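J.: Sequence isn't available, so here's the structure alone:
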């Protein structure tokens, strides 16, 4: 008597998504598409990630009441001939078509994943700066490219970042020698860049090139990034790749600009006059009180004139300095545009909490890590196509949060299982089969708190030694 597996079930929204994804993959002519077995596997894994919150084959076997065996799921992950990069690109292409997206803003940001101190088989693990404590930990670093439109926000690309070991060693030694007072000419020279270890800026540029080449029908209005990408080289190349889009980043307060023929840092330049108080719309919604100053200044490190905006929110004591490549925009519009950068932080938070990869992900090698991230991003795409979510977005209504949608999917899967029992020819027998299957999947995990059956040793005085007391 067949009973639908509990929680991990072939939900209609997952079936439809994988069906459309396969059709888009076939239409690209770069792949033969997915086989029926691969489609079933992909549906199972995507729903499994959303239901369990992990990318864990054992959890899928347990929640499916052993209908899906972890050994088979794992084998498909590592050995099935699936065009993984094309899988993600096809999903993006379908979303762009589904929501009729023809323009948007690209946002770049990086994040990390903490690993154990001695990681031998996880690809790209290295010493990462801990922004919270100022210390270091062993982990992986990812750079994301996210497309923000007036309807929906879509993750469209990612890259792994691994620092050049030779360059890292040189920096450490250079800092040590500099602290000892050794002059620059006596210290070792900086090693040449290794092509096998591209910088974060180079990886971001590669993602921009790839996206604009694959989706030429999408007009890039702007590219937003934090201060790490606020170099002249990156801003010029990003503008060239995206068809002269507005590139907005940040500068440091000690960045030098030219004023009346003299070099002066930004903090000094903008301290000469009081800023203008104004209301700034935040992502098209609430307006916040800010203080702003703006000027078109030659930035020394960039070798050209940039639009620099000093911005300070209410309650802040120090300015932050935005820099824009296109001088023809109004400073108010640039400041309002940059508020969209917060959306990539929201995506990363949702992705870490709900997309499975960030929890108990131990897949080995670069293929294991990369395929795991691709599956997690496909889950994010799947949620954008959930009937409840897509109906709201297409009607210009606020979308539901990721957590809310996942709760709905869990309830939908559980209700589907219950319906299968009720609608069976013999509901009583179906219930017994279902109950037996659940009990069979429950593991016996022994407790260390209770000491029944354990030899605790001799806990009493020795008669021969009592006289010594």
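T.: Structure's in. What do you need? Worth saying up front: this structure is predicted, and the values here are computed from it rather than measured. Residues are numbered from 1 along each chain as shown.
J.: Helix, strand or coil: sort out residue 381 for me.
T.: helix (DSSP: H, G, I helix; E, B strand; the rest coil).
J.: Identify the residue spatially nearest to it, adjacent ones excluded.
T.: Distances taken as C-beta to C-beta, 6 or more residues apart in numbering put residue 91 closest to residue 381, at 4.7 Å, once the chain neighbours are dropped. For the C-beta atoms, the positions are set from N, CA and C on the backbone; glycine is no exception.
J.: Tell me the secondary structure of residue 389, please.
T.: What three-state DSSP gives for residue 389 is helix.
J.: quick one: contacts for it?
T.: 383, 399, 400, 405 (C-beta atoms under 8 Å, 6 or more residues apart in numbering).
J.: So which of the residues you listed wins on neighbours?
T.: Of all these, residue 383 has the most neighbours under the rule other C-beta atoms under 10 Å, reaching 27 neighbours.
J.: which SSE is the closest residue to residue 356 other than its chain neighbours in?
T.: For residue 356, the nearest residue in space outside its immediate sequence neighbours is residue 49; the separation is 3.7 Å by C-beta to C-beta, 6+ apart. Following DSSP states H and E, one finds residue 49 within helix 36-52.
J.: now the helices for the stretch 301-450 of the chain?
T.: Applying DSSP state H, counting those that start in this stretch to the stretch 301-450 of the chain gives helices spanning 331-338, 342-354, 365-384, 387-394, 402-422, 427-441.
J.: How is this protein partitioned into domains?
T.: Under the assignment named as automatic domain parsing, the residue ranges that make up the domains of the chain are 12-87+365-422, 88-162+197-348.
J.: In terms of position in space, what residue lies nearest the middle of this structure?
T.: In the chain, the centroid-proximal residue (C-alpha atoms, centre = their mean) is residue 348; its distance is 4.3 Å.
J.: Touching, residue 98 and residue 154? I think so.
T.: No: in this structure, residue 98 sits apart from residue 154 without contact. The criterion is C-beta atoms under 8 Å, and the distance is 10.6 Å.
J.: Of the two, give the one with the bigger neighbour count.
T.: A side-by-side neighbour count of residue 98 and residue 154, using other C-beta under 10 Å, places residue 154 first with 22 against 15.
J.: Would you confirm that the more buried one belongs to a strand?
T.: Yes: residue state for residue 154 (three-state DSSP) corresponds to a strand.
J.: what's the spacing between it and residue 257?
T.: 36 Å (C-beta to C-beta, to the nearest Å).
J.: Tell me who's in contact with the closest residue in space to residue 164 that isn't next to it in sequence.
T.: Nearest residue to residue 164, sequence neighbours excluded (C-beta to C-beta, 6+ apart): residue 197, at 3.8 Å. Residue 197 makes contact with 162, 163, 164, 165, 167 under the criterion C-beta under 8 Å, 6+ apart.
J.: Please apply the same query to residue 254.
T.: Contacts were defined as C-beta under 8 Å, 6+ apart; by that measure residue 254 touches 265, 266, 267.
J.: switch to 10 Å and redo it
T.: Residues counted as contacts of residue 254 (C-beta atoms under 10 Å, 6 or more residues apart in numbering) are 265, 266, 267, 268.
J.: Show the pLDDT at it.
T.: The predicted structure scores residue 254 at 93 on the pLDDT scale.
J.: Give me the secondary structure label for the closest residue to residue 41 other than its chain neighbours.
T.: The shortest distance from residue 41 to any non-neighbouring residue, by C-beta to C-beta, 6+ apart, is to residue 76 (4.6 Å). Three states are possible here, and by three-state DSSP the one that applies to residue 76 is helix.
J.: What is the distance between stretch 281-296 and the centre of its chain?
T.: Its chain's C-alpha centre lies 27 Å from the corresponding centre of stretch 281-296 when counted by C-alpha atoms, centre = their mean, to the nearest Å.
J.: one step back: which member of the contacts of residue 197 is positioned nearest residue 174?
T.: For residue 174, the nearest member of these is residue 167. The distance, counting by C-beta to C-beta, is 10.2 Å.
J.: Can you name every helix or strand that the helix or strand hosting that closest one contacts?
T.: If you go by DSSP H and E, residue 167 is part of helix 165-179. Judged by 3 or more C-beta pairs under 10 Å, 6 or more residues apart in numbering; DSSP states H and E, helix 165-179 is in contact with strand 126-129.
J.: so how far is the next helix-or-strand element following the strand it packs on from its chain's centroid?
T.: The helix or strand immediately downstream of strand 126-129 is strand 136-148, counting by DSSP H and E. Between the centre of strand 136-148 and the centre of its chain there are 6 Å (C-alpha atoms, centre = their mean).
J.: With stretch 287-298 instead?
T.: In terms of C-alpha atoms, centre = their mean, the centre of stretch 287-298 is found 30 Å from the chain centre.
J.: Check stretch 310-324 too.
T.: Worked out by C-alpha atoms, centre = their mean, stretch 310-324 lies 27 Å from the chain centre.
J.: Ok, stretch 154-166 next?
T.: Taking C-alpha atoms, centre = their mean, one finds stretch 154-166 lying 11 Å from the centre of the chain it belongs to.
J.: List the buried residues in it.
T.: Under the neighbour-count criterion of 16 or more other C-beta atoms under 10 Å, stretch 154-166 has 154, 155, 156, 157, 158, 159, 161, 163, 164 buried.
J.: returning to what we had before: where's the residue nearest to residue 356 relative to residue 372, distance?
T.: Looking at residue 49 against residue 372, where the rule is C-beta to C-beta, the gap reads 10 Å.
J.: Give me the three-state assignment for residue 296.
T.: When classified by three-state DSSP, residue 296 comes out as strand.
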